[in-house]
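Peer 1: Compute the structure for the input listed below.
(one chain, ligands or ions: 4)
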Amino acid sequence: RALEADLRKALANDEMDVFYQPLVNAEHCRIVGFEALMRWRHPECGMVSPAEFIPIAEDTGLIVPLGEWVLRRACTQATIWPSNILVAVNLSAVQLRSGTLVQTVTEVLESTGLPAVRLELEITESVLMEDDEGTLAALHELRALGVRIAMDDFGTGYSSLSYLRNFPFDRIKIDQSFVRDLATRFDSLAIIQLITGLATSLSMSTTAEGVETEEQFLHLRAAGCTEVQGYYFARPLPAADLVFELPRPD
Ligand code: G
Ligand code: G
Ligand code: MN
Ligand code: NA
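Peer 2: Ligands and ions are numbered 1, 2, ... in the order given. This is a model prediction of the structure:
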């Protein structure tokens with residue numbers, strides 16, 4: 001495929017970038033961190049969505065160098081942010097199975113000087129689906145470094161609850177599909193209340209993703225979500241455009 005050949009050259013050609021979207025504390029509306037999101041400016045096609053190129057990167061193994069590049073870039077960026085602000089980086093299952101991830105994270109933290117507690121790694125449920133011992137061991141080693149681990153897109157997999165039993169996550173990110181129809185579907189609110197209650201019992205934080213309206217935000221805060229993320233607060237932005245406080249509503 002043509003995209004695959006182009007993706008192989010994208011890093012060397014300086015076509016990759018990282019955007020950042022705020023994670024906002026629901027109670028105080030303060031920014032507590034940013035999620036790093038990869039961007040590809042293709043010379044002819046323009047912006048290519050990660051939804052399109054991440055699967056190619058995973059199939060070809062290119063996600064390993066690309067993922068390491070994002071991690072290094074995001075950690076470097078975070079060192080110049082206020083020291084209470086964390087950076088969240090998405091990890092692919094392929095990176096966790098690569099066998100080099102723990103070494104890479106250790107080296108990146110050392111060379112950038114970012115304290116491990118300011119790094120959060122987001123993994124999807126599918127990472128734990130294979131119940132692979134190496135993956136679980138890597139997660140425990142990452143945790144031992146002091147890094148936080150979040151479960152991304154929670155509720156979209158086949159047996160979400162069993163994964164919570166397999167690993168003590170620091171955070172659950174509630175998938176945006178539950179947030180989308182919050183105001184009109186009673187069952188979505190019930191599910192979100194169930195997830196936040198469970199997370200609280202397990203001492204985990206909860207982030208609701210894809211928050212686009214004030215109404216959704218108020219429902220989520222009342223349901224006990226500790227953090228919120230979405231276009232209502234801010235879109236993913238280039239590093240140079242970040243602000244560390246939200247504009248105060250009047
Ligand atoms: O950035 P956007 O909102 O379009 O992201 C689309 C998808 O791509 C999301 O599922 C997101 O988790 C994933 N994604 C974005 N950046 C990265 C990255 O650096 N690594 C991995 N593995 N996935 C990413
Ligand atoms: O899978 P993951 O949660 O990492 O991906 C986040 C994706 O959600 C990114 O593609 C990001 O651009 C997108 N996103 C972030 N906020 C919103 C939002 O409020 N609405 C919608 N529709 N997408 C969002
Ligand atoms: Mn994510
Ligand atoms: Na997600």
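Peer 1: ok, and the helix or strand in this structure with the lowest average confidence?
Peer 2: Lowest on mean pLDDT, DSSP states H and E among the helices and strands of the chain sits helix 126-129, with a mean of 80.
Peer 1: If we go by neighbour counts, what in the helix or strand just after that helix is buried?
Peer 2: Sequence-wise, the next helix or strand downstream of helix 126-129 (DSSP states H and E) is helix 133-145. Using 16 or more other Cβ atoms under 10 Å as the test for burial, helix 133-145 gives Thr135, Leu136, Ala138, Leu139, Leu142, Arg143. From N, CA and C alone the C-beta is placed, and that goes for glycine too.
Peer 1: I'd like to know which elements helix 133-145 is packed against.
Peer 2: Counting contacts by 3 or more Cβ pairs under 8 Å, 6 or more residues apart in numbering; DSSP states H and E, helix 133-145 packs against helix 93-97, helix 101-112, helix 126-129, strand 148-154.
Peer 1: Let me know the secondary structure of Pro22.
Peer 2: strand (DSSP: H, G, I helix; E, B strand; the rest coil).
Peer 1: now it, which residues is it bridged with?
Peer 2: On the basis of DSSP bridges, Pro22 is bridged to Phe34.
Peer 1: I'd guessed it sits against Tyr231; true?
Peer 2: No - the pair Pro22 / Tyr231 is not scored as a contact, 10.9 Å apart, by Cβ atoms under 8 Å.
Peer 1: quick one on the thing from earlier: export the buried residues of helix 133-145 to CSV and tack on distance to ligand 2?
Peer 2: Formatted as CSV, these follow (distance: Cβ to the nearest ligand atom, whole Å):
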residue, distance to ligand 2
Thr135, 19
Leu136, 21
Ala138, 19
Leu139, 17
Leu142, 18
Arg143, 20
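Peer 1: Now do the helices in this protein.
Peer 2: Remark: helices assigned in the chain by DSSP state H are 2-10, 50-60, 63-78, 93-97, 101-112, 126-129, 133-145, 160-166, 176-180, 186-201, 214-222.
Peer 1: Look through the chain and state the residue closest to ligand 2.
Peer 2: Gly230 (3.1 Å; Cβ to the nearest ligand atom).
Peer 1: Let me see the contact set for that residue.
Peer 2: By Cβ atoms under 8 Å, 6 or more residues apart in numbering, the contact set of Gly230 is Gln176, Val179, Ala208, Glu209, Gly210, Val211, Glu212, Gln216.
Peer 1: follow-up on the earlier one: adding distance to ligand 3, write the helices of the chain out as JSON lines.
Peer 2: Below are the helices of the chain laid out as JSON lines (distance: least, Cβ to the ion, whole Å):
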{"stretch": "helix 2-10", "distance to ligand 3": "20"}
{"stretch": "helix 50-60", "distance to ligand 3": "10"}
{"stretch": "helix 63-78", "distance to ligand 3": "12"}
{"stretch": "helix 93-97", "distance to ligand 3": "14"}
{"stretch": "helix 101-112", "distance to ligand 3": "17"}
{"stretch": "helix 126-129", "distance to ligand 3": "12"}
{"stretch": "helix 133-145", "distance to ligand 3": "16"}
{"stretch": "helix 160-166", "distance to ligand 3": "15"}
{"stretch": "helix 176-180", "distance to ligand 3": "10"}
{"stretch": "helix 186-201", "distance to ligand 3": "16"}
{"stretch": "helix 214-222", "distance to ligand 3": "17"}
